[in-house]
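Peer 1: This is the structure alone, sequence omitted:
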């Protein structure tokens, strides 16, 4: 079995996703590059184009604690295991590596470093050092360490600081160090080992700290009530003077000073960037509605840009005029569950990627949840964010101080087979204790506009069901007439058929979706739905019973159940191709396969799967269990799996789909690739091993070309360096230019076909119009070129002929060729000359001659 | 920075007919100007040439009206008895009218001279027509005959006899000068060809009721006949095949006309309506109402004016609004002046450009709705106050509900409702009382009512008006509950009937009831089922065949 072997040799590779907003992004000194840390990788983006320039992975793929940019060439990378790497990110070369001793004598070993700060000016310190935040193995809270630059000697500075990326700050020289604990501020002068001060904030909890770049002993803290304090002269004998800046309602997420120290920037859950004047804090400017909650704020050393990284993995660049000038968002905009600031926001995994992965039939790209209420389209081959569609069309509602306000989310997406329609279910669900009375549920149908190349909202159904939907499917038929969509909801025990109706009046071009029928079955909770491959049968699960419905008459056909199968059906799929008569049902502990033709149970396997997907191109089914994360490949007619891959993902797999392959995979015998997303928001692909390596090469190749272009604007990059046209310059039928005229001809034909015969003007009225649009509009110059072409083609073809039959025409053709080379005037004379040859030319040039004839008429 | 997305107020379609381009087109006609004639208006014809004079046949005279000024232009009163059916020739120079005097009279339009009198009918002539060529006319008379005359000699050329009752309608065909069509009270419409030797009709169709009006499409293919409440469409090229019946009036249809370059058909009826039909689908696209039963109707080419004559002698002339460029400019200027004046009063004025020939267009400053501004600034109480004002209460409650929905979405409903006293609370309550029972608002407003009751339960008894409104709210809800109960009862009884009907049908057609009844299949029964193969899944042909093919192979 070739297929079986190839299935067994597959490996899982992370193709995209991952969190960009775990660490603060960093600018290069000249502001041209933005460095972003993504677990074990450092990604460099061009600030002018927003494109990925290079990607550096640490040796051994160890996670990065933080980085420091020393010069455009060298970057210091500090890993969580205590390695200090000096790397040239332009050439992707590692220049040096040093290891911090994780277990100094007499200490409990340091398990993990989480942060790292390196002074940018090394001049005035008596003992050069850098800071690191790490967890000793016995401690729940991190400890701030100072590590000497020369010998890498570790000394502890402060215990139990806040476990956050923003809990430590130091002045550019490295002399003044501040750190925050939950309610107190720790300040230290590194030149005088004994000189350290503690300040308390009262009951409010600190969230972030920043040090003023120029004023000595001055720092700013943000707390969870949204208040920002600027502390002046914290090392003085008397208690420091504080300036209060209170605009934020939600906890301050991050603070940053501009390089000159005249302004301070703060951001938080309000999605608003606030720019404070340090000397006059009443003077502030806000930049509202920046997208999703702000996680980090960075300022470029030249002061040119402010980098704001958001919860949705998007880093926006703001210039000094408060304008958003660029964004880095090519990686999946994953939904990060909201309001971890509030403290009670539990990371609810079920809410991530609710709509699963779908393949957009229009372009073969993946569609999945983006920001709350948005869908994103993602090109997994090039790892690129293609577009985002605002489905809910509502303002993002930020959290209240003590309460998380839920936003509307896309829960289900379904595409029609021809890609013309998209059904989307959205829901805004209140907490369970409110019994959902404040919730909102909507079903929307979007139509693909061919000219705009985007989906346009067609129908909105408020409250299609009383409770959130469990399934939304569209009948997989290619024709648009009579296409059905079905939706079901468990609580109201019914599923609904939706169909497309159009305006019956003579001017009506509008069409919309209406509910055709809403069947129930024995008051059982309505569960999953599935269409057969040809769309003729709908299978609906009602509790433990599987029912089949005829999609023509929308009538009940038969029900299937077995006395031993007592669990409710969680999801169901029809087989494809040769097994299209088989229905696969998932119950909590079994996989059940029914035969729809014989109405019999085919087989039951006691395997607990959480999602299955069926390859539309072959007879293959993939299933995954979320508890063990084992991936099974099997064929619907055989209970024994073809291949099993154990623990394919570290976190829970949420959704899975088959994507038709691009050319690379053909040799393996699989027509589709399995892709899945897991709850850590990574998009993974199951690929043969050799392709995994190859893909990495691909990315590098792309990024090296990007690096060359990084200085250019986005438009400049679109312009090809060299243009080579394979199309002949004088296209015979003008097919490459008649795009618009073809449309005109189409509209005239349409008019002729649509009008009823007795109201139509005479055919002569249309005839000339139609002919005109079909023929290519030509200028004199163009006609000249075409005639020239005619001459050469006819002469060459006749030449070909003369080689065969050796006739007197040979001399003629040579003459015409020779003259043709001279000039346009002579070639014009040749036209009459070469017409004599036309009798003997082949079909090609006859066609050529025909078009010129038409052109002559209509010009 | 994203822009603030405005609150979406769901547009709910009104129950009226949706506005089509046709409706807009036909609504451009001004309300009719009424002119009083002495007697019922028998016939209206419009001159084919500018300025499209309207010949109104009424009592014993024919009057020429100017369609724009509506003044009487000419008056032809050389009739001793009632005149009928005055029509223009296609050059607009001659006018032909029948009369009770059994004669047809020919006038010159400009000089009002009586040029010819055609005598030969035994009874009154109600309709007559010019043949498109040959200087000939045709007259349709109550003596059941249709006569073709020669104008210069006043001689009868042909006399077509075949009708058995009054001939009260007739027409000729523009594209074919040889055809004459006559409609009679004997319920038939006959098509005569003057080239035929035997004076017999070429086509005869039966309308089923006395024919009041006949009209032929200019291409000569479609014949429309009107009689009683029905218009019938006949295909003459197919030898008089009935294409369609249009039955939109509820009283006798008296007149048919073409409009918009023969793309629309107009019909007038005694039920006081004029209806406009589309010529390809014969669907009504617009309807006009008039004060009295309509007898006659005319429309100028290009649909500039519609003239309708009624039984009480009133002529209604409605004119289409002019759209000349000059008018537009002047109206625009007037509009701008008004607008700027208004703005000066209300809001800050942003620019005061003088109106020049090629003026720079002022960028429209769209501030959006005020409630959106409040929502943007998180001033929830203000936003709610704004949409509870009289304007929204009366005119646009959907916006109020949309704003409340947005407040719920932002978890700001309680904030917005809190701390209301007296008048502010009354506004909320009166809105609830008025709009709570509207189905599309109910879900949201019930929530508001709930929240309001929770918040203000303690304050009941302090203000008499508020108490009164709370009581009315209670009544409204009780009423709604009762209503819903009744509806559910009705639905229940209907479902019983429908289910019974289904049962009967199922028993009648499928003797095998197992198809619709749930089948519980175990492994053993599945095999027997497979053997009997009575399963109704007949659609999955391909795989079934595949299975059979395999079986065959095994056998061989």
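Peer 2: Happy to help now that I have it. The shown structure was predicted, so the numbers you read here are calculated from the model rather than taken from an experiment.

Peer 1: switch to C-alpha atoms for all contacts and neighbour counts from now on
Peer 2: Fine.

Peer 1: May I have the strands that pair with the helix or strand that contains residue B:182, each with its orientation?
Peer 2: Using DSSP states H and E, residue B:182 sits within strand B:179-184. With DSSP bridges as the test, strand B:179-184 is paired with strand B:167-172 (antiparallel), strand B:188-193 (antiparallel).

Peer 1: Could you take the ones you listed and lay them out as a markdown table, with extra columns for mean neighbour count and mean pLDDT?
Peer 2: Formatted as a markdown table, these follow (neighbours: other C-alpha atoms under 10 Å in any protein chain shown; pLDDT from 0 to 100):
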| stretch | mean neighbour count | mean pLDDT |
| --- | --- | --- |
| strand B:167-172 | 26 | 90 |
| strand B:188-193 | 23 | 89 |
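
Peer 1: and of those, who's closest to residue A:671?
Peer 2: Closest to residue A:671 of the strands paired with strand B:179-184 is strand B:188-193 (C-alpha to C-alpha; 70.6 Å).

Peer 1: need the next SSE after the closest one, C-terminal direction.
Peer 2: strand B:201-206.

Peer 1: now for that next one, which elements pack on it?
Peer 2: On a contact count with 3 or more C-alpha pairs under 8 Å, 6 or more residues apart in numbering or on different chains; DSSP states H and E, strand B:201-206 meets strand B:188-193.

Peer 1: residues in contact with the strand it packs on?
Peer 2: B:160, B:163, B:178-183, B:199-208, B:210-211, B:225 (C-alpha atoms under 8 Å, 6 or more residues apart in numbering or on different chains).

Peer 1: sec struct for residue A:19, please.
Peer 2: What DSSP: H, G, I helix; E, B strand; the rest coil gives for residue A:19 is coil.

Peer 1: ok now do it, which residues does it touch?
Peer 2: Here residue A:19 is in contact with A:38-39, A:313, A:681 (C-alpha under 8 Å, 6+ apart).

Peer 1: Verify the contact between residue B:223 and residue B:213 for me.
Peer 2: No: when contacts are counted by C-alpha atoms under 8 Å, residue B:223 is not listed as touching residue B:213 (10.7 Å).

Peer 1: what secondary structure does the residue of the stretch 601-750 of chain A found nearest chain B sit in?
Peer 2: Nearest residue of the stretch 601-750 of chain A to chain B, counting by C-alpha to the nearest C-alpha: residue A:601, 6.8 Å away. When classified by three-state DSSP, residue A:601 comes out as strand.

Peer 1: burial measure for the residue nearest to it when sequence neighbours are not counted, as a count.
Peer 2: Excluding the flanking residues, the one nearest residue A:601 by C-alpha to C-alpha, 6 or more residues apart in numbering or on different chains is residue A:594, at 4.5 Å. By other C-alpha atoms under 10 Å in any protein chain shown, 23 other residues sit near residue A:594.

Peer 1: how about residue A:594, what does it touch?
Peer 2: A:582-585, A:600-603.

Peer 1: ditto for residue A:126
Peer 2: residue A:191 are the contacts of residue A:126 under C-alpha under 8 Å, 6+ apart.

Peer 1: just the one 3 residues further on next, same as before
Peer 2: When contacts are counted by C-alpha under 8 Å, 6+ apart, residue A:129 touches A:118-119, A:146-150, A:174.

Peer 1: Need the buried ones from those selected in PyMOL.
Peer 2: Of the contacts of residue A:129, the buried ones can be selected in PyMOL as follows, counting by 16 or more other C-alpha atoms under 10 Å in any protein chain shown:
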select buried, chain A and resi 118+119+146+147+174
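
Peer 1: Buried ones from the contacts of strand B:188-193, can you make that a PyMOL selection?
Peer 2: Remark: buried members of the contacts of strand B:188-193, expressed as a PyMOL selection using 16+ other C-alpha under 10 Å:
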select buried, chain B and resi 160+163+178+179+180+181+182+183+200+201+202+204+205+206+207+210+211+225
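
Peer 1: What is the neighbour count of the closest residue to chain A within the stretch 351-500 of chain B?
Peer 2: Taking C-alpha to the nearest C-alpha, chain A has its nearest neighbour within the stretch 351-500 of chain B at residue B:410, 6.1 Å off. Residues lying near residue B:410 (other C-alpha under 10 Å) number 22.

Peer 1: Name the SS class of the nearest residue to it once chain neighbours are set aside, please.
Peer 2: Leaving out its chain neighbours, the residue that sits closest to residue B:410 by C-alpha to C-alpha, 6+ apart is residue A:397, at 6.1 Å. Classification of residue A:397 using three-state DSSP returns coil.

Peer 1: tell me the domain boundaries of chain B?
Peer 2: Following automatic domain parsing, chain B resolves into domains at B:350-483, B:517-532+B:539-556.

Peer 1: roughly how far is the first one from the heart of the chain?
Peer 2: It refers to domain B:350-483. Taking C-alpha atoms, centre = their mean, to the nearest Å, one finds domain B:350-483 lying 36 Å from the centre of the chain it belongs to.

Peer 1: Now that domain: average pLDDT?
Peer 2: Domain B:350-483 shows a mean pLDDT of 85.

Peer 1: Pick out the residue of the stretch 201-350 of chain B closest to chain A.
Peer 2: Residue nearest to chain A within the stretch 201-350 of chain B: residue B:280 (5.7 Å; C-alpha to the nearest C-alpha).

Peer 1: any chance you could map the helices in chain A?
Peer 2: A:2-8, A:689-709, A:714-718, A:739-754, A:763-774, A:780-805, A:809-820, A:824-835, A:843-858 (DSSP state H).

Peer 1: First-to-last residue distance for stretch A:169-186?
Peer 2: 10 Å (C-alpha to C-alpha, to the nearest Å).

Peer 1: Could you do stretch A:250-269 as well?
Peer 2: First residue to last in stretch A:250-269 (C-alpha to C-alpha) measures 6 Å.

Peer 1: Just checking that stretch against chain B, any contact.
Peer 2: No: Stretch A:250-269 does not reach chain B (C-alpha under 8 Å from any C-alpha of the partner chain); its nearest approach is 13.9 Å.

Peer 1: Identify each buried residue in that stretch, please.
Peer 2: Buried residues in stretch A:250-269 (16+ other C-alpha under 10 Å): A:250-259, A:261, A:263-269.

Peer 1: Going by residue numbers, what spans are strands in the stretch 1-150 of chain A?
Peer 2: A:10-17, A:26-27, A:33-38, A:41-46, A:52-57, A:64-69, A:74-79, A:83-88, A:93-99, A:110-117, A:129-136, A:143-148 (DSSP state E, counting those that start in this stretch).

Peer 1: can you pull out the helices in the stretch 351-500 of chain B?
Peer 2: B:370-376, B:380-387, B:390-394, B:397-409, B:413-417, B:423-435, B:439-456, B:464-509 (DSSP state H, counting those that start in this stretch).

Peer 1: With distance to residue B:309 and mean neighbour count added, can I get the ones you listed in TSV?
Peer 2: Formatted as TSV, the helices of the stretch 351-500 of chain B follow (distance: least, C-alpha to C-alpha, whole Å; neighbours: other C-alpha atoms under 10 Å in any protein chain shown):
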stretch	distance to residue B:309	mean neighbour count
helix B:370-376	51	17
helix B:380-387	50	21
helix B:390-394	41	14
helix B:397-409	44	22
helix B:413-417	61	18
helix B:423-435	46	19
helix B:439-456	45	16
helix B:464-509	49	13
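
Peer 1: Those: which one's closest to residue A:14?
Peer 2: helix B:397-409 (36.9 Å).

Peer 1: And the closest one, what does it pack against?
Peer 2: Going by 3+ C-alpha pairs under 8 Å, 6+ apart, helix B:397-409 lies up against helix B:380-387, helix B:390-394, helix B:413-417, helix B:439-456.
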